[in-house]
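Enquirer: Got a predicted structure here, sequence first:
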Amino acid sequence: MAGLTVEAPAKINLRLLVGPRRPDGYHPIRSLMIALDAPRDRVRVEAATERTVRCAGIEGPANLAWTALDELEREVGRPLPLRVEIDKGIPAQAGLGGGSSDAAAVLVGADRLLGLGLGPGRLERVAARVGSDVPFLVRGGAQWAEGRGEALTPARAPRFAALLTMPAAGLSTGAVYARFDQDPPPAAAAPGDPPSAMPALGEWLRNDLWPAARALAPALAEREAALRAAGAPAVLLCGSGACMAGIFPDRAAAEAAAGRLEAPGFRAVAVPLPPR
């Protein structure tokens with residue numbers, strides 16, 4: 001096999017609970033993560049004589065896909081010269097996991113292309129060394145993620161559709177967490193799985209990074225207001241931002257709101273992907 005293409009989906013955190021910064025610099029989380037049918041990146045992995053990673057705006061070693069190949073080579077104990085081409089559909093610094101999804105797609109694609117036979121469990125362990133969201137994006141579906149994101153437990157995805165929208169500028173994850181550390185810790189959240197559908201689901205949604213992201217980018221409050229004006233029953237910051245998601249009971253309602261949304265910039269309507 002000379003090469004193959006892997007779809008790299010976006011993700012949404014329907015609930016993101018964040019604890020205080022640990023001595024290792026990470027924040028413990030508990031998050032319900034859902035893989036979405038849109039937007040997606042397309043990751044092409046091909047055999048080559050030397051490694052290259054091409055992606056508009058994030059080339060070579062700066063791309064998390066490069067780190068994924070470093071860790072994969074460390075795992076198997078030999079060089080894996082591959083050419084990686086990433087066609088972006090997921091906006092950068094949106095909180096939708098685009099870079100992590102590309103890294104996960106490279107791990108999955110290289111395993112298949114080269115016949116490494118690592119299997120899902122071993123691939124997820126490699127993924128955990130690459131980035132906090134990468135193990136989930138190797139597994140997909142709906143998962144509760146804990147620790148710094150590497151401890152996954154299968155979950156049930158509730159019924160919803162999301163209207164995703166963001167301004168031109170993204171938000172740095174590091175900057176958002178640094179701002180989070182300046183504020184008092186968030187109130188404890190009631191445990192439990194999400195309600196199966198709206199409107200109860202809308203009341204259950206939570207992202208502890210929202211105050212920090214809003215402080216860094218006050219225009220996000222305008223984006224929230226625009227989504228509510230378009231008819232969104234609930235609005236949620238995606239991950240560390242800057243994408244905002246209007247949460248609806250179904251795709252038809254989300255698509256109707258997309259037609260009413262006056263805010264400019266990227267937008268997409270998404271629903272949960274089924275488990276792999």
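Expert: Nice, thanks for sending it over. Numbers count the residues shown, from 1 in each chain.
Enquirer: now the residue positioned nearest the centre of the chain: how far from residue 22?
Expert: Central residue of the chain (CA atoms, centre = their mean): residue 97, 2.6 Å from the mean position. For residue 97, the distance to residue 22 (CB to CB, to the nearest Å) stands at 21 Å. Placement of C-beta: from N, CA and C, glycine included.
Enquirer: same question, residue 162
Expert: 30 Å.
Enquirer: for residue 254, same thing?
Expert: According to CB to CB, residue 254 and residue 22 sit 37 Å apart.
Enquirer: in the stretch 151-276 of the chain, which spans are helices?
Expert: Under the criterion DSSP state H, counting those that start in this stretch, helices of the stretch 151-276 of the chain are mapped to 173-182, 200-204, 210-216, 219-229, 251-260.
Enquirer: okay, residue 254 and residue 22: which has more neighbours?
Expert: Each of residue 254 and residue 22 has its neighbours counted (other CB atoms under 10 Å); residue 254 has more, 25 against 11.
Enquirer: pretty sure the more buried one contacts residue 161?
Expert: Yes. Using CB atoms under 8 Å, residue 254 is in contact with residue 161, at 4.0 Å.
Enquirer: any shared contact partners between these two?
Expert: Common neighbours of residue 254 and residue 161, using CB atoms under 8 Å, 6 or more residues apart in numbering, are 248, 269.
Enquirer: Where does pLDDT dip in the chain?
Expert: 1 (pLDDT under 70).
Enquirer: Scan it for its longest helix.
Expert: Identified as the longest helix of the chain according to DSSP state H is helix 98-114.
Enquirer: contacting residues around the residue lying closest to residue 137 once chain neighbours are set aside?
Expert: Once flanking residues are discounted, residue 137 sits nearest to residue 104: 3.7 Å by CB to CB, 6 or more residues apart in numbering. Applying CB under 8 Å, 6+ apart to residue 104 gives the contacts 8, 68, 127, 134, 135, 137, 138.
Enquirer: The same query, at a cut-off of 10 Å, please.
Expert: When contacts are counted by CB atoms under 10 Å, 6 or more residues apart in numbering, residue 104 touches 6, 8-9, 43, 64-65, 68, 97, 123-124, 127, 130-131, 133-140.
Enquirer: gap between it and residue 112?
Expert: Taking CB to CB, one finds residue 104 at 13 Å from residue 112.
Enquirer: residues shared between the contacts of the two?
Expert: Contacts common to residue 104 and residue 112, judged by CB under 10 Å, 6+ apart, are residue 6.
Enquirer: Please name the bridge partners of residue 36.
Expert: Note on residue 36: beta-bridge partners by DSSP bridges are residue 272.
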